[in-house]
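>>> sequence and computational prediction follow.
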Amino acid sequence: MLACWRAQPVISYGDGNFRRGFCCRAEDQTVSPTERQNKKKVVIVGSGWAGLGAAHHLCKQGFDVTILEGGYELGPKTKSLSPDDAGIRGFWYPYRNIFNLVDELGVKPFTNWTKSAQYSEDGLEVEYPIFQDSPQLPTPFGTLFNTQFVRLPFIDRLSSLPLMAAVIDFDNTDTAWRKYDPITAREMLRQFGCSERLYRNVIDPLLQVGLFAPAEQCSAAATLGMLYYFVLANQKNFDMVWCRGTVRDKIFLPWIESLKSQGCRFLEGRKVTDVVLNEETGCISEVICEKESFKADALILAVGISTLQEIIQRSAALCSREEFLKVMKLNSTDLLTVKLWLDRKVNIPYASNISCGFENACAWTFLTFYIHLKQEKCYVSGVEAANRVVDFLNEGTFARILPVEEDEPHIETLRSFNRNLYDLRAQLPWSSYFLQ
């Protein structure tokens, strides 16, 4: 790719130190300078599901999009982090927006729906069927009766039913989050009478794999959200498909080529060190990557929490904003993945296996294909960021985001009744008498 360079003196405050220098602005010449100059410029940091999701819509709206890839922390700057380098990578039934994207790209990357299993130190504990092929029962009975519990007694399974009261109460509102976020998942499960065996062999390993932390470290709110979305709401939501190969090869590379054909630029080995604010508007006008500078009418930071915190620490401009200072209070979770290349084919009965029991605070998965949890959330977040850019710059149309399937009628009725009951109790003169 041909590029020209212009040097411009700027002031940067990387790592909190005052520094003067020359920053070079790179301009792509594959598009005519006049055509690119007339377009609004959007810089996206990160080339994962969120970054590409934002670029996908913004390119279709005619914006000049540049994606900056930071690359490995301990490696050549010319290499970018592959979506196959970390995490588990499965695609659940409710990932409607990703399935729609794949159809739009015209690729066929996925297997058929597959079964899953869980193991403890005693052996096979749970076999999960393909729920959409099983008898359709109302929540939570579809999960409870269609799942094959090999060792767990029926009485232990029944101890999960009182938890439905919390599932009904947690309607994903701000009020619900304030109520359940301060307590741990383990404390909530204890309060609702979950049996020790159900907790140890089924629920806790599921949480460790789904939320990457044991139940005593997960908030009850995050737990209820995960359990309801993947396990309880509409029983087929637990069904999964897998990529026939790596996600980079089967989805990301065709996606990137499609974006490049629309004028999107991908610049590898660029780590954001600062931003420049327009003094008149208070908005970001340039993004600094060491000695390079990129003009921006809008900036999207499509990176993980730890990377975002690193960017904020380096930037005096971002450190002065309250919303970014709040980000510094967030925690992230370390995730260890190990890839094994075997010298022969090994047949295993299930594509996805959750295992536990070797250590109290450890669970792991063994997969024939490695997968990444929460891709749909990342992708939709990127599309929502693109919609914010469209709104802010008052140019283009909003992307349509496919919503999750609505709650089953009996769940919606129970939640409505629960909300009305709380509202009624709050109006009673003795409402403050009860412990909140």
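Noted; the coordinates are in hand.
>>> low-confidence ranges in the stretch 51-200 of the chain?
For the stretch 51-200 of the chain, applying pLDDT under 70 flags the ranges 71-89.
>>> packing partners of the host helix or strand of Tyr379?
For Tyr379, the host element (DSSP states H and E) is helix 375-393. With contacts taken as 3 or more CB pairs under 8 Å, 6 or more residues apart in numbering; DSSP states H and E, helix 375-393 sits against helix 49-60, helix 96-105, strand 298-301. For every residue, glycine as well, the C-beta is placed using N, CA and C.
>>> and that helix, C-alpha only, in PDB?
Output in PDB follows, covering the C-alpha atoms of helix 375-393 (Å, rounded to 0.1, in the frame of the first residue of the first chain):
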ATOM      1  CA  GLN A 375     -18.900 -12.900  20.800                       C
ATOM      2  CA  GLU A 376     -22.400 -11.800  20.200                       C
ATOM      3  CA  LYS A 377     -22.200  -9.200  23.000                       C
ATOM      4  CA  CYS A 378     -18.900  -7.900  21.700                       C
ATOM      5  CA  TYR A 379     -20.200  -7.700  18.100                       C
ATOM      6  CA  VAL A 380     -23.400  -6.000  19.100                       C
ATOM      7  CA  SER A 381     -21.500  -3.500  21.300                       C
ATOM      8  CA  GLY A 382     -19.400  -2.600  18.300                       C
ATOM      9  CA  VAL A 383     -22.500  -2.000  16.200                       C
ATOM     10  CA  GLU A 384     -24.000   0.100  19.000                       C
ATOM     11  CA  ALA A 385     -20.900   2.200  19.000                       C
ATOM     12  CA  ALA A 386     -21.200   2.700  15.300                       C
ATOM     13  CA  ASN A 387     -24.800   3.900  15.800                       C
ATOM     14  CA  ARG A 388     -23.500   6.400  18.400                       C
ATOM     15  CA  VAL A 389     -21.100   7.700  15.800                       C
ATOM     16  CA  VAL A 390     -23.900   8.000  13.300                       C
ATOM     17  CA  ASP A 391     -25.900   9.900  15.800                       C
ATOM     18  CA  PHE A 392     -23.000  12.100  17.000                       C
ATOM     19  CA  LEU A 393     -21.900  13.100  13.400                       C
END
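>>> average pLDDT across it?
For helix 375-393, the per-residue pLDDT values average out at 95.
>>> tell me the angle it makes with helix 49-60.
Calculated by axes from the mean of the first three to the mean of the last three CA atoms, to 10 degrees, helix 375-393 forms an angle of 40 degrees with helix 49-60.
>>> centre of the chain to helix 375-393, how far?
Computed by CA atoms, centre = their mean, to the nearest Å, the chain-centroid distance of helix 375-393 equals 13 Å.
>>> who does Arg265 form a beta bridge with?
Following DSSP bridges, Arg265 is listed with bridge partners Thr66.
>>> what's the pLDDT at Ser285?
pLDDT recorded at Ser285 is 94.
>>> follow-up on the earlier one: buried residues in the helix holding Tyr379?
Within helix 375-393, the residues that count as buried by 16 or more other CB atoms under 10 Å are 375-376, 378-387, 389-390, 393.
>>> just checking, Asp423 is part of a helix?
Yes - assessed by DSSP: H, G, I helix; E, B strand; the rest coil, Asp423 belongs to a helix.
>>> what's the burial count for it?
9 (other CB atoms under 10 Å).
>>> just to revisit the earlier point, what angle sits between the helix holding Tyr379 and helix 96-105?
Angular relation of helix 375-393 and helix 96-105 on a 0 to 180 degree scale: 80 degrees, by the same axes, to 10 degrees.
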